[in-house]
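>>> Using only what follows, build the 3D model:
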Amino acid sequence: MKAVGGGGTVSAVRLSEPRQAALAALLALEPTTGDPDSDRRTLEATARLIPCDAIGLGLVDLRSGSLLRSVSLPTWVAWLHPETLDDTCTEGIHHLLVDPPLRPLLQRTGMSDGLLLRFRDGRDQVGEVWMDRRHRAFTDADLSLLRIINPLLCRLLRDRPDAQRPPVDLTAQERRVLQLVATGMSNADVAARMWVAPCTVRKHLQHAFRKLGVSNRLAAVQALEGASPTPRARSRPSPERE
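Model prediction:
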(Lines give C-alpha, C1' and ligand atoms only; values in the text may rest on other atoms or scores of the structure.)
Protein backbone atom coordinates (compact mmCIF):
# COMPACT_ATOMS: atom_id res chain seq x y z
CA MET A 1 0.00 0.00 0.00
CA LYS A 2 1.39 3.43 -0.95
CA ALA A 3 -0.23 6.84 -0.71
CA VAL A 4 0.34 10.50 0.07
CA GLY A 5 -1.10 11.88 3.28
CA GLY A 6 -1.01 14.87 5.60
CA GLY A 7 2.44 15.47 6.98
CA GLY A 8 4.43 14.09 4.05
CA THR A 9 4.77 11.21 1.65
CA VAL A 10 3.51 7.88 2.91
CA SER A 11 5.93 5.06 2.24
CA ALA A 12 4.96 1.59 1.09
CA VAL A 13 3.32 -0.44 3.88
CA ARG A 14 2.72 -4.19 3.98
CA LEU A 15 -0.31 -5.17 6.02
CA SER A 16 -0.56 -8.53 7.76
CA GLU A 17 -3.96 -10.24 7.81
CA PRO A 18 -4.74 -9.02 11.36
CA ARG A 19 -3.86 -5.46 10.33
CA GLN A 20 -6.00 -5.76 7.20
CA ALA A 21 -8.88 -6.86 9.41
CA ALA A 22 -8.26 -3.89 11.75
CA LEU A 23 -8.25 -1.48 8.79
CA ALA A 24 -11.49 -2.99 7.46
CA ALA A 25 -13.09 -2.58 10.91
CA LEU A 26 -11.98 1.05 11.02
CA LEU A 27 -13.35 1.77 7.53
CA ALA A 28 -16.71 0.28 8.50
CA LEU A 29 -17.21 2.61 11.48
CA GLU A 30 -19.46 5.66 11.37
CA PRO A 31 -19.16 8.88 13.42
CA THR A 32 -21.57 9.13 16.37
CA THR A 33 -21.42 12.46 18.18
CA GLY A 34 -20.38 12.25 21.82
CA ASP A 35 -20.79 8.46 22.05
CA PRO A 36 -18.01 6.99 24.26
CA ASP A 37 -18.65 3.50 22.85
CA SER A 38 -18.14 4.79 19.30
CA ASP A 39 -14.92 6.55 20.35
CA ARG A 40 -13.77 3.35 22.09
CA ARG A 41 -14.39 1.22 19.00
CA THR A 42 -12.43 3.68 16.88
CA LEU A 43 -9.51 3.63 19.29
CA GLU A 44 -9.59 -0.17 19.62
CA ALA A 45 -9.42 -0.64 15.84
CA THR A 46 -6.62 1.94 15.60
CA ALA A 47 -4.61 0.16 18.31
CA ARG A 48 -4.97 -3.14 16.44
CA LEU A 49 -3.75 -1.47 13.25
CA ILE A 50 -0.86 0.35 14.97
CA PRO A 51 -0.05 -1.70 18.10
CA CYS A 52 0.56 0.36 21.24
CA ASP A 53 0.39 -0.01 25.02
CA ALA A 54 -2.05 2.86 25.53
CA ILE A 55 -4.25 5.00 23.30
CA GLY A 56 -6.69 7.80 23.95
CA LEU A 57 -8.66 10.79 22.76
CA GLY A 58 -9.01 14.24 24.27
CA LEU A 59 -11.28 17.03 22.93
CA VAL A 60 -10.95 20.51 24.44
CA ASP A 61 -13.16 23.61 24.16
CA LEU A 62 -10.75 26.51 23.54
CA ARG A 63 -13.19 29.13 24.84
CA SER A 64 -13.57 27.62 28.30
CA GLY A 65 -10.56 25.33 28.45
CA SER A 66 -12.85 22.50 29.51
CA LEU A 67 -12.32 18.90 28.48
CA LEU A 68 -15.36 17.92 26.38
CA ARG A 69 -14.50 14.27 25.76
CA SER A 70 -11.79 11.97 27.04
CA VAL A 71 -11.48 8.24 26.34
CA SER A 72 -8.46 6.10 27.24
CA LEU A 73 -7.55 2.45 26.65
CA PRO A 74 -6.77 0.84 29.01
CA THR A 75 -9.42 2.79 30.92
CA TRP A 76 -7.19 3.41 33.94
CA VAL A 77 -4.60 5.32 31.88
CA ALA A 78 -4.87 9.07 32.51
CA TRP A 79 -4.67 11.60 29.67
CA LEU A 80 -1.72 13.85 30.54
CA HIS A 81 -1.68 16.26 27.61
CA PRO A 82 -4.61 18.71 28.07
CA GLU A 83 -2.49 21.81 28.59
CA THR A 84 -0.80 21.22 25.22
CA LEU A 85 -4.08 21.86 23.39
CA ASP A 86 -4.68 25.56 22.75
CA ASP A 87 -4.95 28.14 19.96
CA THR A 88 -1.25 27.72 19.11
CA CYS A 89 -1.13 23.93 18.87
CA THR A 90 0.13 22.54 15.58
CA GLU A 91 -2.26 20.27 13.73
CA GLY A 92 -1.09 17.02 12.19
CA ILE A 93 1.02 14.10 13.32
CA HIS A 94 3.83 14.44 15.88
CA HIS A 95 6.42 11.80 16.83
CA LEU A 96 7.42 12.52 20.44
CA LEU A 97 10.76 10.75 20.30
CA VAL A 98 12.04 13.00 17.50
CA ASP A 99 10.14 16.22 18.33
CA PRO A 100 12.20 18.12 20.95
CA PRO A 101 9.39 20.43 22.20
CA LEU A 102 7.16 17.41 22.86
CA ARG A 103 9.78 14.97 24.13
CA PRO A 104 9.22 16.00 27.80
CA LEU A 105 5.78 14.39 27.55
CA LEU A 106 7.54 11.01 27.39
CA GLN A 107 9.19 11.67 30.76
CA ARG A 108 5.82 12.53 32.29
CA THR A 109 4.14 9.39 30.97
CA GLY A 110 7.07 7.03 31.60
CA MET A 111 6.78 5.72 28.05
CA SER A 112 9.56 5.05 25.53
CA ASP A 113 7.78 6.66 22.58
CA GLY A 114 4.52 8.30 21.59
CA LEU A 115 2.53 9.58 18.63
CA LEU A 116 0.08 12.49 18.65
CA LEU A 117 -2.54 13.28 16.02
CA ARG A 118 -3.93 16.78 16.55
CA PHE A 119 -6.90 18.20 14.69
CA ARG A 120 -9.23 21.20 14.77
CA ASP A 121 -12.91 20.54 15.34
CA GLY A 122 -14.53 23.72 14.13
CA ARG A 123 -13.22 27.08 15.28
CA ASP A 124 -13.41 26.59 19.02
CA GLN A 125 -12.43 22.98 19.64
CA VAL A 126 -9.22 21.03 19.24
CA GLY A 127 -8.68 17.30 19.63
CA GLU A 128 -5.80 14.95 20.11
CA VAL A 129 -5.40 11.22 19.58
CA TRP A 130 -2.38 9.92 21.51
CA MET A 131 -0.64 6.56 21.26
CA ASP A 132 2.10 5.41 23.65
CA ARG A 133 4.55 2.52 23.73
CA ARG A 134 6.24 1.41 26.90
CA HIS A 135 9.37 -0.36 25.63
CA ARG A 136 9.88 0.28 21.90
CA ALA A 137 9.77 3.10 19.38
CA PHE A 138 7.23 3.66 16.65
CA THR A 139 8.60 2.87 13.18
CA ASP A 140 8.38 4.66 9.84
CA ALA A 141 5.75 2.08 8.83
CA ASP A 142 3.67 2.99 11.90
CA LEU A 143 3.87 6.68 10.97
CA SER A 144 2.88 5.89 7.37
CA LEU A 145 -0.18 3.99 8.57
CA LEU A 146 -1.18 6.87 10.83
CA ARG A 147 -0.85 9.30 7.91
CA ILE A 148 -3.04 7.03 5.78
CA ILE A 149 -5.84 6.85 8.38
CA ASN A 150 -5.47 10.47 9.57
CA PRO A 151 -8.51 11.80 7.59
CA LEU A 152 -10.58 8.80 8.67
CA LEU A 153 -9.80 9.27 12.37
CA CYS A 154 -10.60 12.99 12.18
CA ARG A 155 -13.93 12.19 10.51
CA LEU A 156 -14.82 9.59 13.12
CA LEU A 157 -13.79 11.58 16.19
CA ARG A 158 -14.87 15.13 15.39
CA ASP A 159 -17.81 16.39 17.46
CA ARG A 160 -20.39 17.02 14.72
CA PRO A 161 -23.94 18.34 15.31
CA ASP A 162 -26.62 15.69 14.90
CA ALA A 163 -28.43 17.83 12.31
CA GLN A 164 -25.49 17.42 9.92
CA ARG A 165 -25.27 13.63 10.20
CA PRO A 166 -26.04 11.67 7.03
CA PRO A 167 -29.29 9.75 6.60
CA VAL A 168 -29.40 6.70 8.86
CA ASP A 169 -30.57 4.28 6.15
CA LEU A 170 -27.32 4.48 4.17
CA THR A 171 -24.97 1.56 4.78
CA ALA A 172 -21.43 2.18 5.98
CA GLN A 173 -20.06 1.28 2.53
CA GLU A 174 -22.51 3.60 0.72
CA ARG A 175 -21.52 6.50 2.97
CA ARG A 176 -17.83 5.69 2.53
CA VAL A 177 -18.21 5.72 -1.28
CA LEU A 178 -19.97 9.11 -1.19
CA GLN A 179 -17.34 10.55 1.16
CA LEU A 180 -14.59 9.51 -1.26
CA VAL A 181 -16.58 10.80 -4.24
CA ALA A 182 -16.86 14.15 -2.41
CA THR A 183 -13.05 14.45 -2.56
CA GLY A 184 -13.19 14.31 -6.37
CA MET A 185 -12.31 10.65 -6.82
CA SER A 186 -13.49 8.70 -9.85
CA ASN A 187 -15.19 5.31 -9.51
CA ALA A 188 -11.88 3.64 -10.31
CA ASP A 189 -10.08 5.68 -7.62
CA VAL A 190 -12.76 4.80 -5.04
CA ALA A 191 -12.58 1.12 -5.98
CA ALA A 192 -8.80 1.10 -5.52
CA ARG A 193 -9.04 2.87 -2.14
CA MET A 194 -11.72 0.48 -0.86
CA TRP A 195 -10.19 -2.65 -2.43
CA VAL A 196 -13.38 -3.49 -4.36
CA ALA A 197 -14.35 -3.74 -8.03
CA PRO A 198 -15.55 -0.59 -9.90
CA CYS A 199 -18.91 -2.29 -10.50
CA THR A 200 -19.31 -2.57 -6.71
CA VAL A 201 -18.75 1.18 -6.40
CA ARG A 202 -21.42 1.82 -9.07
CA LYS A 203 -23.87 -0.41 -7.18
CA HIS A 204 -23.22 1.46 -3.91
CA LEU A 205 -23.80 4.78 -5.70
CA GLN A 206 -27.03 3.57 -7.31
CA HIS A 207 -28.37 2.38 -3.95
CA ALA A 208 -27.32 5.65 -2.26
CA PHE A 209 -28.99 7.73 -5.01
CA ARG A 210 -32.25 5.82 -4.53
CA LYS A 211 -32.22 6.22 -0.74
CA LEU A 212 -31.33 9.92 -0.91
CA GLY A 213 -33.87 10.66 -3.66
CA VAL A 214 -31.27 12.10 -6.05
CA SER A 215 -30.03 11.17 -9.53
CA ASN A 216 -26.38 12.22 -9.66
CA ARG A 217 -23.12 12.33 -7.72
CA LEU A 218 -23.08 16.02 -6.83
CA ALA A 219 -26.63 15.99 -5.45
CA ALA A 220 -25.85 12.85 -3.44
CA VAL A 221 -22.76 14.45 -1.88
CA GLN A 222 -24.76 17.57 -1.01
CA ALA A 223 -27.50 15.45 0.57
CA LEU A 224 -24.89 13.52 2.54
CA GLU A 225 -23.53 16.82 3.91
CA GLY A 226 -27.01 18.03 4.85
CA ALA A 227 -27.36 20.62 2.10
CA SER A 228 -30.21 20.98 -0.40
CA PRO A 229 -29.16 19.98 -3.94
CA THR A 230 -28.48 22.99 -6.16
CA PRO A 231 -30.09 23.36 -9.62
CA ARG A 232 -26.69 22.50 -11.13
CA ALA A 233 -26.57 19.31 -9.08
CA ARG A 234 -30.08 18.29 -10.17
CA SER A 235 -29.15 18.60 -13.85
CA ARG A 236 -25.91 16.65 -13.77
CA PRO A 237 -25.85 12.95 -14.65
CA SER A 238 -25.34 9.67 -13.05
CA PRO A 239 -23.26 7.34 -10.94
CA GLU A 240 -20.91 6.73 -13.88
CA ARG A 241 -17.57 8.47 -13.71
CA GLU A 242 -14.68 6.27 -14.60
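
>>> rest of the way, CA atoms for contacts and neighbours
Will do.

>>> what ranges do the helices span in this protein?
Here the chain has its helices, by DSSP state H, at 17-28, 36-49, 104-109, 140-157, 172-181, 187-194, 198-212, 217-224, 231-235.

>>> ok, and for the longest one, which residues are buried?
By that I understand helix 140-157. For helix 140-157, burial by neighbour count (16 or more other C-alpha atoms under 10 Å) applies to 141-150, 152-154, 156-157.

>>> Point out the one among the helices of the chain that comes closest to residue 115.
Smallest distance to residue 115 across the helices of the chain (C-alpha to C-alpha): 8.3 Å, for helix 140-157.

>>> Show me the protein divided up by domain.
Here the domain parsing of the chain from automatic domain parsing is 3-161, 172-235.

>>> who's in contact with residue 208?
170, 174-175, 220 (C-alpha atoms under 8 Å, 6 or more residues apart in numbering).

>>> Turn those into JSON lines, including distance to residue 58 and pLDDT.
Shown next, in JSON lines, are those (distance: C-alpha to C-alpha, whole Å; pLDDT from 0 to 100):
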{"residue": "170", "distance to residue 58": "29", "pLDDT": "80"}
{"residue": "174", "distance to residue 58": "29", "pLDDT": "86"}
{"residue": "175", "distance to residue 58": "26", "pLDDT": "84"}
{"residue": "220", "distance to residue 58": "32", "pLDDT": "84"}
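
>>> Let me know the closest of the residues you listed to residue 90.
When the contacts of residue 208 are compared against residue 90 (criterion: C-alpha to C-alpha), the nearest one is residue 175, at 29.7 Å.

>>> gap between residue 15 and residue 50?
For residue 15, the distance to residue 50 equals 11 Å [C-alpha to C-alpha, to the nearest Å].

>>> Then residue 56?
Taking C-alpha to C-alpha, one finds residue 56 at 13 Å from residue 50.

>>> neighbour-wise, which of the two wins?
residue 56 (24 against 19; other C-alpha atoms under 10 Å).

>>> so what's that one up against?
With C-alpha under 8 Å, 6+ apart, residue 56 has these contacts: 43, 70-73, 79, 129-131.

>>> Not including adjacent chain positions, what is the nearest residue to residue 59?
residue 127 (4.2 Å; C-alpha to C-alpha, 6 or more residues apart in numbering).
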